[in-house]
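[1] generate a structure from the sequence data that follows.
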Amino acid sequence: MAGMDGTQLKDRIALVSGASRGLGRAVVFELASAGAHVVATGRSAPGAATQTEVPDLTVARTVELAEQAGGSAEAVICDHTDPEQVQGLVSHVLDRHGRIDVLVNNAWGGHDFHEQPEGDEVWDEPMEQFRAMLLAGAYSDFVTSMQVLRQDMGRREAGIIVTTTWHTPEPPAWVPYESSKAAKNRLVYALGHHLREKGIPCIAVAPGWMRTELMESHHEPGELDGRTETPHYGARAVVALAADPDAMRLTGRTMDVAVLAREYGITDLDGTQPDLNAGRFLP
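    Below you'll find the model as predicted:
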């Protein structure tokens with residue numbers, strides 16, 4: 001199957017953080033196309049986007065695109081590093097829809113702060129970079145997961161948590177980035193262990209190098225051909241996991257998108273199955 005049909009997730013309620021652009025936008029689109037009602041969240045509102053190099057990178061535009069394709073979605077502004085905002089968000093979703101069936105932790109503000117190192121040595125890295133990546137990565141995943149579990153999934157012992165991430169390569173690359181992504185992956189592993197008896201799968205999904213809106217704005221046409229995949233490839237993997245009644249078999253694991261693509265018969269928008277992480281990480 002290239003993607004999911006419009007009934008695969010019929011009547012499911014999904015919450016997707018970091019939905020203003022890139023993978024988050026594609027996840028909203030694919031979940032809605034599969035029949036779910038999607039609550040798309042992020043910090044970017046019209047006229048107040050966190051990234052302005054490309055127009056319309058807001059959750060409102062994400063919802064418009066999903067609705068134009070026949071899907072059902074709504075936009076809510078939320079900073080997922082703020083526990084009070086996340087608590088209010090989850091309460092709002094439950095008041096409106098009664099439950100959350102699918103949580104996708106995709107918020108990532110780790111690149112909002114970026115300062116060049118003072119030199120070429122590993123210890124020349126600016127102190128704030130790692131903090132920013134942890135706060136807007138693993139910490140925001142933790143806050144959102146805890147609130148959804150506390151208010152809904154844990155009580156019902158139902159639902160699925162999917163976290164978007166990055167395979168830390170071998171040998172390691174940029175220290176703050178690799179370490180912050182490792183924290184996200186370890187959080188998934190720990191949650192998977194503790195939620196196993198409650199029947200709530202917690203799975204990380206790792207795409208390859210994605211051809212996002214911002215990436216395309218930084219490269220010449222054709223420069224990324226053969227080296228990247230679209231965000232819809234990873235988004236379709238998220239949908240497949242959400243629709244899989246046996247997803248618990250993968251709980252606690254970080255799954256490469258290409259591996260999931262082969263298992264579920266997913267393709268990218270052009271009908272291919274890129275495997276851009278092959279040989280880059282330890283299984």
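
[2] most distant residue from the centre of the chain?
    G119 (32.6 Å; C-alpha atoms, centre = their mean).

[3] which stretches in this structure count as helices?
    For the chain, the helices defined by DSSP state H occupy 22-33, 59-68, 83-97, 127-134, 140-148, 154-156, 175-195, 213-218, 231-243, 257-264.

[4] contacting residues for the closest residue to H193 other than its chain neighbours?
    In space, and not counting its chain neighbours, H193 is closest to G252: 5.8 Å by C-beta to C-beta, 6 or more residues apart in numbering. For every residue, glycine as well, the C-beta is placed using N, CA and C. When contacts are counted by C-beta atoms under 8 Å, 6 or more residues apart in numbering, G252 touches 188-193, 196, 202-203.

[5] could you check how far P176 is from V93?
    Distance of P176 to V93, computed by C-beta to C-beta, to the nearest Å: 32 Å.

[6] related to what we said a few turns ago, can I get the helices of the chain in CSV including mean pLDDT and distance to A75?
    Listed next are those as CSV, based on pLDDT from 0 to 100; distance: least, C-beta to C-beta, whole Å:
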stretch, mean pLDDT, distance to A75
helix 22-33, 97, 9
helix 59-68, 96, 4
helix 83-97, 98, 12
helix 127-134, 92, 25
helix 140-148, 98, 16
helix 154-156, 98, 25
helix 175-195, 96, 24
helix 213-218, 61, 17
helix 231-243, 98, 17
helix 257-264, 97, 26
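
[7] quick one: which of the ones you listed is nearest D270?
    The minimum distance between D270 and these falls on helix 231-243, with 9.6 Å, by C-beta to C-beta.

[8] for that closest one, buried residues please.
    231-243 (16 or more other C-beta atoms under 10 Å).

[9] can you put those in CSV and add distance to M146?
    Below are the buried residues of helix 231-243 laid out as CSV (distance: C-beta to C-beta, whole Å):
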residue, distance to M146
P231, 27
H232, 29
Y233, 29
G234, 24
A235, 24
R236, 28
A237, 24
V238, 20
V239, 24
A240, 26
L241, 21
A242, 20
A243, 25
